[in-house]
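>>> Pasting the sequence and the predicted model now:
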Amino acid sequence: MAKIGFLLTLGPFQFENWETAYKIAKAAIDKGHEVKMFYYLDGVYNPIKYQTFPDMATLPKDRFAELVGKGAKIIACGICVNARGLEKGKDYIEGVVVGGLPDFAEIVSDVDKLITL
Amino acid sequence: MAKIGFLLTLGPFQFENWETAYKIAKAAIDKGHEVKMFYYLDGVYNPIKYQTFPDMATLPKDRFAELVGKGAKIIACGICVNARGLEKGKDYIEGVVVGGLPDFAEIVSDVDKLITL
Amino acid sequence: MAQKNVVVTMNQAPYGSIYYTEGLRAAVGVTSGVDENKVAVVYLGDGAYFTILGVDRKDTDRYIGTLRKQGSRLVVERESLKEKGIKEREVAPEFEIVSRKEVFELINGADFVIDF
Amino acid sequence: MAQKNVVVTMNQAPYGSIYYTEGLRAAVGVTSGVDENKVAVVYLGDGAYFTILGVDRKDTDRYIGTLRKQGSRLVVERESLKEKGIKEREVAPEFEIVSRKEVFELINGADFVIDF
Amino acid sequence: MGNLYLVNKSYGENGLKLAKLDKEAQVVLIQDGVYVDARRFLGSKVKVYAVRDDVLKRGLTDRIANDVEFIDYNELVDLIVGNKVINFA
Amino acid sequence: MGNLYLVNKSYGENGLKLAKLDKEAQVVLIQDGVYVDARRFLGSKVKVYAVRDDVLKRGLTDRIANDVEFIDYNELVDLIVGNKVINFA
């Protein structure tokens, strides 16, 4: 079984990257692989827990909460979080940790494969 | 003097559009024109009041607060605000109103010029 | 306050970004005020990919339905189709195929031109 | 946990998006862990515009300084320069000009290839 | 009042192709739009402007075609107010 | 373990140009990458895959070159695990 890292630099809704990242990560976990994600730049908007959109049965935050529930580790870049006014991620879904680029460096050291989206 | 409308669909930091919008709007107001802005899609991330970034002397929210102080009217798309988990804009700088596309329709009716960024 | 003629251009492919649907929502929105602004939607460049018959339009059908019911034109530029290698018979029937010259005339006759 | 050789490709022009600077911040970041991963930065396509001598690099100078001090290579692809009409003498001295084949070899020899 | 095409790079080409049909087009290159090669308008009646700040920070001063006029935001506002803006940015 | 080029449209060309030099390249078209014309790899040893969902929702099934193989996310994960990923998406 492999460890797969994800670097996600775009936010929810506007671009398709969060969906692709979720779908690959979910398939990976279901096959028994380990998933570690780092949210960088607009990627830090993904796990805001108050997302609500009548047209969408399952929101980005629900998708990522599902991954956390399945054991994915998710770290968001603190400088990016604070720049965007997300106050150290206080409105994040449970399980998402705010860290820094040294955490990303550690993910890079640790994983077998790395996907950027 | 003219009324100039702005439709802004990208957020702060990631792309250059917020800066261009601010610079055109500021120059317009300083020349005596009237400015009305509508934030749509990721545009709704611009006025979050808790933005903080050590490398940046003046943050996006400060730029837009300056425009509000000079009389610009700013309305953010409510569906976009709620989708992105910004809870009806409760963490917005003062003066930014959460509305809907009918407000944009009204801006379109009202203004002499319209810029999309 | 006055009624405006608005052209909304759609320049981006589905589904890499959401402009393909949110642009249509905005086009409908533009007509929602008391002044009943008029709108036409024009597909250009990569936007032309949206007009391919087989595109999944479940997110956008109701916006297109509303626009058609109120008589708004939905057009795609023939030159853009050609550049993308899309044959005219591959275009869904709700989109009118027009020349670049006609697109220019539409834009030239509009009060505002908004891009998505 | 193991040291990794990482290539960071830079594919976007300054300043339309912030990838030109945040990509460099991430490249420095990659080397910041206990395992001291190695990094090389490669400018491709529109990214080549960043290597033009006159680009305002006040946001990025310190990242470039750090990368150079630790011996990380900063290279720009000759073919990309040519495609953009950038002459080699217009390229700032901190960027090494290499062929696409050399870029391929760098990438082929890396453990991970990250794009910005 | 002429048509003022406001273009950046992402899909500005769509606007520039229309400007070619427009006898009184004025084009403003903004953001990464200043990377666009404006020589295509040489010898035509199309007037091309570029936002000076956007050119300077990209180090492109010597690379921009000769007949492109650099403008600041004050001048851009005057162009916006005096023309119809065709947005492609 | 070969090289797996993961490309979408925005600057995927940069990756595809490198894949052309790579005798054991495999290319995966994702998102708007499925609009890329894969015929350039005809007759080469490069194996091209496209994510089926991304092709279907864009209505491109009949437009994709014949020798492109459609894959789902399970198959994509197997390719990721079995190769080195060269990210251009």
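That came through, no problem. Numbering: from 1, shown residues only, chains lettered A, B, ... in the order given.
>>> Which parts of chain E are helices?
Assigned by DSSP state H, the helices in chain E fall at E:12-19, E:52-57, E:73-82.
>>> Give me the residue at the spatial middle of chain C.
Nearest to the mean C-alpha position of chain C, counting by CA atoms, centre = their mean, stands residue C:41 at 2.7 Å.
>>> Give me the sheet partners of the helix or strand where that residue lies and which way each runs.
Following DSSP states H and E, the helix or strand that holds residue C:41 is strand C:38-43. When pairing is defined by DSSP bridges, strand C:38-43 lines up against strand C:5-10 (parallel), strand C:74-77 (parallel).
>>> need those in JSON lines with mean pLDDT, can you?
Output for the strands paired with strand C:38-43, formatted as JSON lines (pLDDT from 0 to 100):
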{"stretch": "strand C:5-10", "mean pLDDT": "98"}
{"stretch": "strand C:74-77", "mean pLDDT": "98"}
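>>> Now mean neighbour count too, for those strands, in JSON lines please.
From N, CA and C alone the C-beta is placed, and that goes for glycine too. Formatted as JSON lines, those follow (neighbours: other CB atoms under 10 Å in any protein chain shown):
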{"stretch": "strand C:5-10", "mean neighbour count": "24"}
{"stretch": "strand C:74-77", "mean neighbour count": "24"}
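>>> To residue A:17, which of the ones you listed lies closest?
strand C:5-10 (20.7 Å; CB to CB).
>>> Now tell me what touches the closest one from outside.
B:108, C:19-20, C:23-24, C:26-27, C:30, C:37-44, C:47, C:50, C:106-107, C:109-116, E:14, E:88 (CB atoms under 8 Å, 6 or more residues apart in numbering or on different chains).
>>> Alpha carbons of it, as CSV, please.
Output of strand C:5-10 as CSV, limited to C-alpha atoms (Å, rounded to 0.1, in the frame of the first residue of the first chain):
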residue,chain,number,x,y,z
ASN,C,5,-29.3,45.8,-23.9
VAL,C,6,-26.6,43.5,-22.6
VAL,C,7,-24.5,40.9,-24.4
VAL,C,8,-23.0,38.2,-22.1
THR,C,9,-20.0,36.5,-23.8
MET,C,10,-19.1,33.0,-22.6
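>>> any idea how far residue A:87 is from chain B?
According to CB to the nearest CB, to the nearest Å, residue A:87 and chain B sit 5 Å apart.
>>> That residue: what's it in contact with?
A:81, B:50.
>>> ditto for the one 10 residues further on
The neighbourhood of residue A:97, defined by CB under 8 Å, 6+ apart, consists of A:73, A:74, A:75, A:76, A:89.
>>> Next up, the contacts around residue A:67.
Here residue A:67 is in contact with A:22, A:25, A:26, A:29, A:35, A:37, A:74 (CB under 8 Å, 6+ apart).
>>> burial count for the second one?
Yep, that's residue A:25 we're talking about. 28 (other CB atoms under 10 Å in any protein chain shown).
>>> Quick check: pLDDT value at it.
For residue A:25, the pLDDT comes out at 98.
>>> May I have the phi/psi pair for it?
When read as degrees, to the nearest 10, the backbone of residue A:25 gives phi -60, psi -40.
>>> Let me know the distance separating it from chain B.
21 Å.
>>> what is the nearest residue to that residue once chain neighbours are set aside paired to in the beta sheet?
Closest residue to residue A:25 apart from its sequence neighbours, by CB to CB, 6 or more residues apart in numbering or on different chains: residue A:35 at 4.8 Å. Note on residue A:35: beta-bridge partners by DSSP bridges are residue A:4.
>>> what's residue A:35 in contact with, if anything?
A:3, A:4, A:5, A:6, A:25, A:28, A:29, A:67, A:71, A:72, A:73.
>>> quick one on the thing from earlier: so the residue nearest to the centre of chain C bridges to which residues?
residue C:8, residue C:74.
>>> OK, contacts around the nearest residue to residue C:73 once chain neighbours are set aside?
Nearest residue to residue C:73, sequence neighbours excluded (CB to CB, 6+ apart): residue C:40, at 4.3 Å. Counting by CB under 8 Å, 6+ apart, residue C:40 makes contact with C:5, C:6, C:7, C:8, C:72, C:73, C:74, C:75, C:106, C:110.
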